[in-house]
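Participant: no sequence for this one, just the structure:
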């Protein structure tokens, strides 16, 4: 990649992307969504070049996946070395060292004492296996989620995901025994209580439900995203997490943290649990785990993980050796280049720029996040907080023509989220935020 900043050479999408789009639309099911009509040719660091030679600055990171940047040399080299040796045996048949080394490494970095691990392929698969393990260990079946959560697109995970359209619409019925408690979204605190009081009430309402509509002997686990992803980058207040953990411990309920989007340095620590003071029984991991290759993990206390009978967990592709090699190099990369610290610095700058834009533009109702996982929420009126989802597509399109890729989120479809690769330079970050500022201004004209 011979550029450090975006370069736009054609109309968007360019002619080659347009031609490929015709093939794509002819043969790919229309339900598979995409933010842009660009076709990538190469990617490096924080940049993506399309087939027409246009170069874009990537604030999406493949939806929080390439935390270490696109194609870092160390990860590419690890992939090539493993591919030269072998690509697949299935860990169910012939074991291999990368699986064992990844499990060892994940158990050492996860904030779970005396941990054991199992590997699978996707975030949804990790979530489903975590619930299976929790059910087996506790002998109970119920699952409690937080409103606004997203836990995946497979059928069991969809039952734990909040938003109906587009994720759940027409796919039911879903798994029984899933219950939801209110998300402590401080921006939308309409309780009349202080933010601390509201956060505690959200947890205490769950405690009350265990004495009324539910019972502790019904509930196997509570699953929580430390910062909601698709739900709109809503951080869980530490006081909420502390009280929720107390309730779980008092009632024999396992606490699962879904760190699929928050993990691997994204929030300024290897896992967000460290910043919230939470000690989960189980953590689910994916996205940033392997530099862009499909891999996910369930890490939990050994007595919990070992409660499952032999053969109860696994899968043909689980812990693919090339993905494992990439994961080891990715974790090395995070530690070598201190990407947790870099995430904090990136997030701090992005947040400061967004706060300045909030002073400038009335449509920015809230700025929130943790580390390099920040967002702005767009509203029509700051007083009523009525969402302004119609602005999102205009701002994303105006940013794209300036060579910057942003993506959206939110239960109300009115959030722009920032997930830059943690190797993004300050020059690139400044360019991206300048582009966003100009795009918002243009969209208001």
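Facilitator: On my side now, so go ahead. Here the structure is a predicted model, which means the values were calculated and not measured.
Participant: and the helix or strand that contains residue 76, what does it pack onto?
Facilitator: Taking DSSP states H and E as the definition, residue 76 sits inside helix 73-85. Here helix 73-85 touches helix 321-336, going by 3 or more C-beta pairs under 8 Å, 6 or more residues apart in numbering; DSSP states H and E. In this view, the C-beta of every residue, glycine as well, is placed from N, C-alpha and C.
Participant: tell me the mean pLDDT over the helix it packs on?
Facilitator: For helix 321-336, mean pLDDT is 98.
Participant: report the next helix or strand after it in sequence order.
Facilitator: helix 339-360.
Participant: off-centre distance for that following helix?
Facilitator: The chain centre lies 18 Å from the centre of helix 339-360; the measure is C-alpha atoms, centre = their mean, to the nearest Å.
Participant: from what I see, residue 366 and residue 377 are in contact.
Facilitator: Yes: with contact defined as C-beta atoms under 8 Å, residue 366 reaches residue 377; the gap is 4.3 Å.
Participant: report the set of residues contacting both of these two.
Facilitator: Both residue 366 and residue 377 are contacted by residue 187, under the criterion C-beta atoms under 8 Å, 6 or more residues apart in numbering.
Participant: hang on, residue 280 packs against residue 255?
Facilitator: Yes: taking contacts as C-beta under 8 Å, residue 280 lies within contact range of residue 255: 5.0 Å.
Participant: what's the neighbour count on residue 258?
Facilitator: 31 (other C-beta atoms under 10 Å).
Participant: how about the one 10 residues further on?
Facilitator: Other residues lying near residue 268 total 23 when counted by other C-beta under 10 Å.
Participant: do the one 4 residues further on as well
Facilitator: Neighbourhood size, residue 272 [other C-beta under 10 Å]: 27.
Participant: pLDDT score for the residue nearest to it when sequence neighbours are not counted?
Facilitator: Closest residue to residue 272 apart from its sequence neighbours, by C-beta to C-beta, 6 or more residues apart in numbering: residue 226 at 3.6 Å. pLDDT, residue 226: 98.
Participant: do residue 445 as well
Facilitator: 86.
Participant: and for residue 277?
Facilitator: 89.
Participant: repeat for the one 3 residues further on
Facilitator: Per-residue confidence at residue 280 stands at 97 (pLDDT).
Participant: tell me the contacts of the residue nearest to residue 272?
Facilitator: 235-236, 241, 257-259, 262, 267, 271-273, 275-276, 278, 370.
Participant: likewise residue 413?
Facilitator: 387, 389, 392.
Participant: now with 10 Å, please.
Facilitator: 163, 165, 232, 378, 387, 388, 389, 390, 392, 393 (C-beta atoms under 10 Å, 6 or more residues apart in numbering).
Participant: could you dump these into a markdown table and include pLDDT?
Facilitator: Below are the contacts of residue 413 laid out as a markdown table (pLDDT from 0 to 100):
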| residue | pLDDT |
| --- | --- |
| 163 | 92 |
| 165 | 91 |
| 232 | 96 |
| 378 | 98 |
| 387 | 97 |
| 388 | 97 |
| 389 | 97 |
| 390 | 96 |
| 392 | 97 |
| 393 | 95 |
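Participant: dig out what the closest residue to residue 42 other than its chain neighbours forms beta bridges with.
Facilitator: For residue 42, ignoring the flanking residues on the chain, the nearest one in space by C-beta to C-beta, 6+ apart is residue 49 at 5.0 Å. Beta-bridge pairing of residue 49 under DSSP bridges involves residue 42, residue 55.
Participant: find me the pLDDT at residue 363, would you?
Facilitator: Model confidence at residue 363 (pLDDT) stands at 97.
Participant: now the helices: where do they sit in the stretch 201-350 of the chain?
Facilitator: 238-250, 273-276, 302-305, 321-336, 339-360 (DSSP state H, counting those that start in this stretch).
Participant: nearest to residue 62, out of the ones you listed?
Facilitator: helix 321-336 (13.2 Å; C-beta to C-beta).
Participant: that closest one: which residues count as buried?
Facilitator: 321-331, 333-334 (16 or more other C-beta atoms under 10 Å).
Participant: which residues are in contact with residue 374?
Facilitator: Per C-beta under 10 Å, 6+ apart, neighbours of residue 374: 227, 233, 346-351, 353-354, 367-368, 416-420.
Participant: do that again at 8 Å, thanks
Facilitator: 233, 347, 350, 351, 354, 367, 368, 417, 418.
Participant: check which helix or strand covers it.
Facilitator: Using DSSP H and E, residue 374 falls in strand 373-381.
Participant: that strand pairs with which strands, parallel or anti?
Facilitator: By DSSP bridges, strand 373-381 pairs with strand 364-370 (antiparallel), strand 386-387 (antiparallel), strand 415-418 (antiparallel).
Participant: model confidence over the last one, on average?
Facilitator: Strand 415-418 shows a mean pLDDT of 98 in the predicted model.
Participant: which is the next helix or strand following that strand?
Facilitator: helix 426-443.
Participant: I'd like the strands paired with strand 373-381 as CSV, with distance to residue 214 and mean neighbour count appended.
Facilitator: Output for these, formatted as CSV (distance: least, C-beta to C-beta, whole Å; neighbours: other C-beta atoms under 10 Å):
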stretch, distance to residue 214, mean neighbour count
strand 364-370, 30, 21
strand 386-387, 31, 16
strand 415-418, 31, 25
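Participant: run through the residues that contact residue 342.
Facilitator: 265, 372, 422, 423.
Participant: and which of those is nearest residue 126?
Facilitator: Closest to residue 126, out of all of the contacts of residue 342 and judged by C-beta to C-beta, is residue 265, at 18.2 Å.
Participant: the closest one: what's it in contact with?
Facilitator: Contacts of residue 265 by C-beta under 8 Å, 6+ apart are 67, 288, 334, 339, 340, 342, 343, 371, 422.
Participant: now it: how far from residue 216?
Facilitator: 36 Å (C-beta to C-beta, to the nearest Å).
Participant: starting at the chain centroid, how far to the helix holding residue 76?
Facilitator: 26 Å.
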